[in-house]
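K.L.:
curious how this folds, go ahead:
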Amino acid sequence: MGSAAEFATRVREREQVVGYWVVLDAPPATERIAGAGYDYVVLDAQHGLLGYEGVLRGLLAVDAAAGLGAGAVGVVRVESGEPATIGHALDAGAAGVVVPLVSSPAEAAAVVAAARYPPAGVRSFGPMRSGLRIGPDPAASNEAVLVLAMIETPGGLAEVAEIARTPGLDGLYIGPNDLRLALGAATPDDPAFDDQLAAALTQVREACDAAGIAAGIFTPSGEVAAQRLREGFTFVTVALDLVHLEQAARAHLEVARDAVGGGRPDGGS
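P.N.:
You can find the predicted model right below:
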């Protein structure tokens, strides 16, 4: 069974870790995913279909899997960099936060401060559930909790080297869809911006390398995750429970339909 402190050490040492992205408020499913062998599970409180209670249930599910011998920890992609939002996720027992839309060194510094207790930061003391998982001692919590800033805006990309050097920041995390839009694409999958996106990914990764922090990225599949790991990313997430559920359902349906007439529900041609 892993712990938040152990996971934080692995990430800060830039050991490659692989996680999974969850948007559904479905604790039994989250528990099974957490027990599948991933290093971490991210609960998406920004765009996911789960509110605070869903995040809490998801973290309980991840920890239930850990109690059965799995090593995953629960991380939360929070709604924003607001201190209350970050503190709420950490109080619920998150081992770390992924903070969206960080566009400047000042914003990155504020995010770090929101996740750390004084004197290192401004986090309000109220370890409701985290006191059971991470420990109520402020200094221990500061060491055990990870903070990753998302680079997905024009400003964030322009200042990525300075953001990466923010004291106390554990890593940068790329949202490729938003980053492609930030580069000028009309859609998140516009192939005309493949080269620009590839250059931006390299820019962020090299900024992390120079600062000695983790380089993270969201990926849509195990194949893409493996590619990013080979490129040198260290914190790679495979997505996405809702999408994978649909993909699996469609794949099985196609196989079954083949037996009743070439894919048509009525058996027609």
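K.L.:
helices and strands around whichever strand or helix holds residue 42, which ones?
P.N.:
Using DSSP states H and E, residue 42 falls within strand 40-44. The helices and strands touching strand 40-44, judged by 3 or more C-beta pairs under 8 Å, 6 or more residues apart in numbering; DSSP states H and E, are strand 17-22, helix 27-34, helix 52-67, strand 73-77. To be clear about C-beta, it is placed using only N, CA and C from the backbone, and glycine gets the same treatment.
K.L.:
what is the rounded mean pLDDT of the longest one?
P.N.:
What it means is helix 52-67. In this model, helix 52-67 has a mean pLDDT of 94.
K.L.:
before we move on, what about the shortest one?
P.N.:
Rounded to a whole number, the mean pLDDT of strand 73-77 is 97.
K.L.:
could you do stretch 171-190 as well?
P.N.:
pLDDT averaged over stretch 171-190 gives 95.
K.L.:
what sits against residue 152?
P.N.:
By C-beta atoms under 8 Å, 6 or more residues apart in numbering, the residues touching residue 152 are 100-101, 174-175, 178-179, 182.
K.L.:
can you lay out those residues as JSON lines showing secondary structure and neighbour count?
P.N.:
Converted to JSON lines, those look like this (DSSP: H, G, I helix; E, B strand; the rest coil; neighbours: other C-beta atoms under 10 Å):
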{"residue": "100", "secondary structure": "coil", "neighbour count": "22"}
{"residue": "101", "secondary structure": "coil", "neighbour count": "17"}
{"residue": "174", "secondary structure": "strand", "neighbour count": "27"}
{"residue": "175", "secondary structure": "coil", "neighbour count": "24"}
{"residue": "178", "secondary structure": "helix", "neighbour count": "18"}
{"residue": "179", "secondary structure": "helix", "neighbour count": "26"}
{"residue": "182", "secondary structure": "helix", "neighbour count": "22"}
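K.L.:
could you pull out the strands in the stretch 151-269 of the chain for me?
P.N.:
171-174, 214-219, 235-239 (DSSP state E, counting those that start in this stretch).
K.L.:
turn the ones you listed into CSV, including distance to residue 226.
P.N.:
Compiled in CSV, the strands of the stretch 151-269 of the chain are given as follows (distance: least, C-beta to C-beta, whole Å):
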stretch, distance to residue 226
strand 171-174, 16
strand 214-219, 9
strand 235-239, 9
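K.L.:
most tightly surrounded among the helices and strands packed on strand 40-44?
P.N.:
Each of the helices and strands packed on strand 40-44 was assessed for mean neighbour count using mean count of other C-beta atoms under 10 Å. The highest is strand 73-77, with a mean of 30.
K.L.:
so it versus strand 40-44, what angle?
P.N.:
For strand 73-77 against strand 40-44, the angle by axes from the mean of the first three to the mean of the last three C-alpha atoms, to 10 degrees is 30 degrees.
K.L.:
so after strand 73-77, what's the next helix or strand?
P.N.:
Trace forward from strand 73-77 with DSSP H and E and the next one is helix 83-91.
K.L.:
got the CA coordinates for that next one in PDB?
P.N.:
Taking C-alpha atoms only, helix 83-91 is exported to PDB below (Å, rounded to 0.1, in the frame of the first residue of the first chain):
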ATOM      1  CA  PRO A  83      -7.300  28.900  -2.000                       C
ATOM      2  CA  ALA A  84     -10.600  27.700  -0.700                       C
ATOM      3  CA  THR A  85     -11.000  25.300  -3.600                       C
ATOM      4  CA  ILE A  86      -7.500  23.900  -3.200                       C
ATOM      5  CA  GLY A  87      -7.900  23.600   0.600                       C
ATOM      6  CA  HIS A  88     -11.200  21.800   0.200                       C
ATOM      7  CA  ALA A  89      -9.700  19.100  -2.000                       C
ATOM      8  CA  LEU A  90      -6.700  18.600   0.300                       C
ATOM      9  CA  ASP A  91      -8.900  18.500   3.500                       C
END
